[in-house]
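> got a structure for you, letters missing:
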């Protein structure tokens, strides 16, 4: 299949984005915990891996809006999940250009499958994509999928889960993990991979260029996994995260309170091992779907860039926490990012620069030969992908959080090679030294040996807040610039 070109002869690649939901960085990285992901490994071996990729915010709607717009949440305005009753914004403001709209204007045929979760009243069609699902299928579940299940002999209204694990909400317990008795061919991830392969088949008959995005609704909880993946990881062999010994000594009060808020305060090691085993199985199951898609690309002879990332991570028992929340740990902010682009990206490339999910927006545009819009926060990764040295690339990364189900709760973070500093306006700040404390157990914000470093980090965070016109910069300045420690006052 020929590579589509612009009128000026520049290469305009087909692009396939495979986005997962709530996937930690470490579960597909080499080393512990040793989850089997041969197809992500395949992408890594044949492309570029960003070892320090971060989401700008650890919550679905906000992160996905940042991916579309190249803006931090405080600039695009979608601060928390759009589906909640207390959503700050139900929809993404239309004045922000998105990469879908801009690619469509440039002649790309954009298509979309799977989870959406950006606007309550908006769909991918509002942002330059043709949605390939059926009516009501914005979360990957709809009429077409249910009919597909019935064709396979599965009644979607009569599925009894096996070995379910619930949190301890007395009145309305939430499912954390389970095994599903239905065959893998009848699951949503398999179905979405099948539809993605259908779309790839259509590419072979078209002129291009094409952009396709498949958003898998996992490994977000509940970790409901089919066999053989549900039994692939023995809970007895699962090693709990080193941060499971968390005491919350010297940390913001909300973190320990969240154990009760999420209904896992009394959850013991045994059910956590079972839940983590299901999460690992979910990861390997999704990886198998990636493999089916990559095999189809090879079989069909399609020239395309393949990008894999996630909107944010998952606590999965780290610090004994479930889901996510007002905790800016690596478990939820450090995300996978792998790009395979034959002819443009050298195989087995590893980049250690700090990059962000929102950097993909200008990257997609520059890959297409288009200029990113002025005023966005994202920066194209194209030079890094091509193996170039970029002397002025930032040596730190910033992130934010605004709350989820319970209203606003501001946090800001700066991560450097040596430190992580978290600004918590409502409580004690946090300072971690990941080299000595990779599990972020010891808050050093009051440690006398770190005060000069703390001051520099606060100044750096304040400068970023000024540069990006953060909404809380005015009243945060007195704390960050003066370097006052609220814990000691």
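Happy to help now that I have it. If you're wondering where the values come from, they're calculated on a predicted model, not measured in any experiment.
> now the lengthiest strand in the chain: mean pLDDT?
Using DSSP state E to define each element, the chain has its longest strand at strand 210-219. Mean per-residue pLDDT for strand 210-219: 97.
> now it: how far from the chain's centre is it?
Remark: strand 210-219 is offset 12 Å from the chain centroid, using C-alpha atoms, centre = their mean, to the nearest Å.
> Check which residues of that strand are buried.
210, 211, 212, 213, 214, 215, 216, 217, 218, 219 (16 or more other C-beta atoms under 10 Å). Every C-beta, even on glycine, is put in place using the N, C-alpha and C of the backbone.
> what about the nearest residue to residue 246 once chain neighbours are set aside, which SS state?
Residue nearest to residue 246 in three dimensions, not counting chain neighbours: residue 319, with 4.3 Å by C-beta to C-beta, 6 or more residues apart in numbering. Secondary structure state of residue 319, per DSSP: H, G, I helix; E, B strand; the rest coil, is helix.
> Correct me if wrong: residue 319 contacts residue 258.
No - in this structure residue 319 lies outside contact range of residue 258 using C-beta atoms under 8 Å: 9.3 Å.
> Mutual contacts of the two, please.
residue 327 (C-beta atoms under 8 Å, 6 or more residues apart in numbering).
> what's the longest strand of the chain packed up against?
Applying 3 or more C-beta pairs under 8 Å, 6 or more residues apart in numbering; DSSP states H and E, one finds that strand 210-219 contacts strand 14-21, strand 109-114, helix 188-203, helix 269-300.
> Partner strands of it, with direction?
strand 14-21 (parallel), strand 109-114 (parallel) (DSSP bridges).
> now these in TSV, with distance to residue 165, mean pLDDT and mean neighbour count?
Putting the strands paired with strand 210-219 into TSV (distance: least, C-beta to C-beta, whole Å; pLDDT from 0 to 100; neighbours: other C-beta atoms under 10 Å) gives the following:
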stretch	distance to residue 165	mean pLDDT	mean neighbour count
strand 14-21	19	98	24
strand 109-114	25	96	24
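> How about the contacts made by the nearest residue to residue 120 once chain neighbours are set aside?
Leaving aside its chain neighbours, residue 120 sits nearest to residue 90 (4.2 Å; criterion: C-beta to C-beta, 6+ apart). Residues near residue 90 by C-beta under 8 Å, 6+ apart: 82, 119, 120, 121.
> what do you get if the cut-off is 10 Å, keeping everything else the same?
For residue 90, the contact set (C-beta atoms under 10 Å, 6 or more residues apart in numbering) comprises 61, 78, 82, 83, 84, 119, 120, 121, 122.
> These: which two are farthest apart?
Using C-beta to C-beta, the two most remote members of these are 84 and 122, lying 15.7 Å apart.
> residues in contact with the spatially most central residue of the chain?
In the chain, the residue lying closest to the centroid (C-alpha atoms, centre = their mean) is residue 311, at 2.0 Å. Residues near residue 311 by C-beta under 10 Å, 6+ apart: 19-23, 55, 57-67, 115, 117, 215, 220, 335, 357.
> distance of residue 435 from residue 333?
According to C-beta to C-beta, to the nearest Å, residue 435 and residue 333 sit 17 Å apart.
> should've said residue 148
Residue 148 is 35 Å from residue 333, by C-beta to C-beta.
> which residues touch the nearest residue to residue 83 once chain neighbours are set aside?
Leaving aside its sequence neighbours, residue 83 sits nearest to residue 120 (C-beta to C-beta, 6+ apart; 6.0 Å). Contacts here follow C-beta under 10 Å, 6+ apart; on that basis residue 120 touches 61, 81, 82, 83, 84, 87, 89, 90, 91, 92, 138.
> List phi and psi for the fourth one.
Dihedral angles phi and psi of residue 83 (degrees, to the nearest 10) take the values phi -90, psi -10.
> for the stretch 1-150 of the chain, which spans come out with low pLDDT?
1-10, 134-141 (pLDDT under 70).
> what about the strands in it?
Using DSSP state E, counting those that start in this stretch, the strands found in the stretch 1-150 of the chain span residues 14-21, 48-54, 109-114, 130-131.
> contacts for the shortest one?
The reference is to strand 130-131. Outside strand 130-131, the residues within contact range by C-beta under 10 Å, 6+ apart are 104, 109-114, 116, 123-125, 137-138, 199, 212.
> which neighbours does that strand have in its sheet, and in what orientation?
Note on strand 130-131: by DSSP bridges, its sheet partners are strand 109-114 (parallel).
> Without its sequence neighbours, what residue ends up closest to residue 310?
Distance criterion C-beta to C-beta, 6+ apart; nearest residue to residue 310, sequence neighbours excluded, is residue 23 at 3.8 Å.
> ok, now residue 232?
Spatial nearest neighbour of residue 232, excluding adjacent residues (C-beta to C-beta, 6+ apart): residue 281 at 5.0 Å.
> And the pLDDT at that neighbour?
Looking at residue 281, the pLDDT reads 98.
> you'd agree it is up against residue 225?
Yes - contact criterion C-beta atoms under 10 Å: residue 281 and residue 225 qualify, at 4.4 Å.
> what domains does the record give for this protein?
14-395, 410-489 (automatic domain parsing).
> Out of these, which one sits most buried?
Each of these was scored by mean neighbour count; the highest is domain 14-395, a mean of 19, by mean count of other C-beta atoms under 10 Å.
> model confidence over the helix or strand harbouring residue 452, on average?
Element membership for residue 452 (DSSP states H and E) is helix 451-467. Mean pLDDT, helix 451-467: 96.
> Kindly confirm my reading that residue 338 forms part of a strand.
Yes - the assignment for residue 338 (three-state DSSP) places it in a strand.
> How much space separates it from residue 37?
Separation of residue 338 from residue 37 (C-beta to C-beta): 10 Å.
> where do the contact lists of the two overlap?
Common neighbours of residue 338 and residue 37, using C-beta under 10 Å, 6+ apart, are 28, 43, 44.
> Return the subset of those lying in helices.
In helices, defined here by DSSP state H, the members of those are 43, 44.
> ok, so of the shared contacts of residue 338 and residue 37, who is nearest residue 365?
Scanning the shared contacts of residue 338 and residue 37 for proximity to residue 365, where the rule is C-beta to C-beta, the winner is residue 43, at 21.8 Å.
> show me the contacts for that closest one.
18, 28, 37, 49, 287, 290, 294, 306-308, 336, 338-340.
> One more: residue 176?
Listed by C-beta under 10 Å, 6+ apart, the contact set of residue 176 reads 164-167, 221-224, 262-264, 267, 271-272, 274-275, 278-279, 316-317, 322-323.
> Validate this expectation: it resides in a strand.
Yes - secondary structure assignment places residue 176 in a strand (three-state DSSP).
> Name the nearest residue to it, ignoring sequence neighbours.
residue 165 (4.6 Å).
> The one you found and residue 262, how far apart?
Using C-beta to C-beta, one gets 13 Å for the distance from residue 165 to residue 262.
> Please, where are all the strands along the stretch 251-400 of the chain?
Ranges of strands within the stretch 251-400 of the chain are 304-310, 334-335, 337-340, 349-356, 396-401, based on DSSP E, counting those that start in this stretch.
> right, so of those strands, which gets closest to residue 415?
If we rank the strands of the stretch 251-400 of the chain by C-beta to C-beta, the stretch that ends up nearest is strand 396-401, at 5.0 Å.
> State the mean pLDDT of the closest one.
98.
> Specify the angle between that strand and strand 48-54 in degrees.
Relative orientation of strand 396-401 versus strand 48-54 (axes from the mean of the first three to the mean of the last three C-alpha atoms, to 10 degrees): 50 degrees.
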